[in-house]
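[1] Prediction below, plus the sequence it came from.
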Amino acid sequence: MVTDEEGADAVRLARDAIREGLAHPERRDAAAAFRGRPLPTVFDEPRGVFVTLRRHPSNSLRGCIGFPVPVYPLRAAIPRAAFAAAVDDPRFPTVTLPELAELTVEVSLLTVPEVITADPRRELPGQIVVGRDGLIVDRAGSSGLLLPQVAVEYDWSPVEFLAETCGKAGLGPDAWLRPGTTVRRFRAQLFEETSPDGPVRPVPLAPRG
């Protein structure tokens with residue numbers, strides 16, 4: 001668990017990385033400018049992270065990219081994910097520097113994903129708690145991930161959450177029932193700006209069921 005202050009540091013680091021990256025597109029590594037930045041020790045730990053950009057005040061999605069597994073320490077993972085969310089999300093055009101002033105930044109700090117199983121497989125939804133778990137579905141080289149807050153936002157049941165994560169992987173909605181499909185769950189701590197470049201608050205997720 002990270003503190004609220006550390007979560008605020010994470011969001012500010014994400015915004016600064018986007019601003020720096022857009023102002024200096026010639027730099028190859030979005031994390032390079034922040035290697036010497038004074039940060040709490042948790043930022044030296046490898047963690048999975050996603051950065052989400054939203055239009056303000058509509059709260060509509062503007063970009064979301066991250067690392068589901070802990071391949072980089074947070075001080076590198078957050079800037080890289082943040083800048084990628086701004087320029088590399090294939091669903092959206094590249095964010096411009098003036099537009100950044102109209103967007104809010106959200107950071108999701110992830111636990112290590114764990115495989116969940118059930119026998120028979122149709123009982124798998126019983127291992128999933130909406131509002132607590134995010135999901136990753138893998139099958140035959142295809143992978144899809146949905147963060148915990150997505151299921152809350154759309155008020156999905158565990159079965160719907162599984163089906164939608166399969167769809168994110170480009171699979172049929174019942175692919176989770178088939179042998180050879182791996183389902184993993186993870187948890188996340190969320191921190192978001194209340195307004196563009198404004199105060200940062202933790203985002204509580206209320207587990208259901």
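    Okay, I see it. Numbers count the residues shown, from 1 in each chain.
[2] Centroid-nearest residue for this structure?
    Centroid check for the chain by Cα atoms, centre = their mean gives Phe50 as the closest residue, at 2.8 Å.
[3] Show the contacting residues for the nearest residue to it once chain neighbours are set aside.
    Spatial nearest neighbour of Phe50, chain neighbours left out: Gly66 (3.0 Å); criterion: Cβ to Cβ, 6 or more residues apart in numbering. All C-beta spots, glycine's among them, are computed from the backbone N, C-alpha and C. With contact set as Cβ atoms under 8 Å, 6 or more residues apart in numbering, Gly66 has these partners: 48-51, 77, 81, 85, 108, 110.
[4] Now do Gly66 against Thr117, distance only.
    Plainly put, Gly66 is 25 Å away from Thr117 if you go by Cβ to Cβ, to the nearest Å.
[5] Same question for Asp174.
    17 Å.
[6] For Leu103, list each beta-bridge partner.
    According to DSSP bridges, the residues that bridge with Leu103 are Arg55.
[7] name the element the residue nearest to Phe50 belongs to?
    Assigned by DSSP states H and E, Gly66 belongs to strand 61-67.
[8] what comes up buried for that strand?
    Across strand 61-67, burial judged by 16 or more other Cβ atoms under 10 Å covers 62-67.
[9] Between those residues, which sits nearest Pro196?
    Nearest to Pro196 among the buried residues of strand 61-67, counting by Cβ to Cβ, is Arg62 at 11.2 Å.
[10] Nearest spatial neighbour of the closest one, chain-adjacent residues omitted?
    Nearest residue to Arg62, sequence neighbours excluded (Cβ to Cβ, 6+ apart): Leu53, at 4.2 Å.
[11] Ok, Thr182 next?
    Distances taken as Cβ to Cβ, 6+ apart put Asp138 closest to Thr182, at 4.5 Å, once the chain neighbours are dropped.
[12] Assign that neighbour to helix, strand or coil.
    Asp138 carries the three-state label strand when classified by DSSP: H, G, I helix; E, B strand; the rest coil.
[13] Looking at it now. What's its pLDDT?
    Asp138 carries a pLDDT value of 98.
[14] Near it, how many other residues are there?
    Here the count is done by other Cβ atoms under 10 Å, and Asp138 has 19 residues near it.
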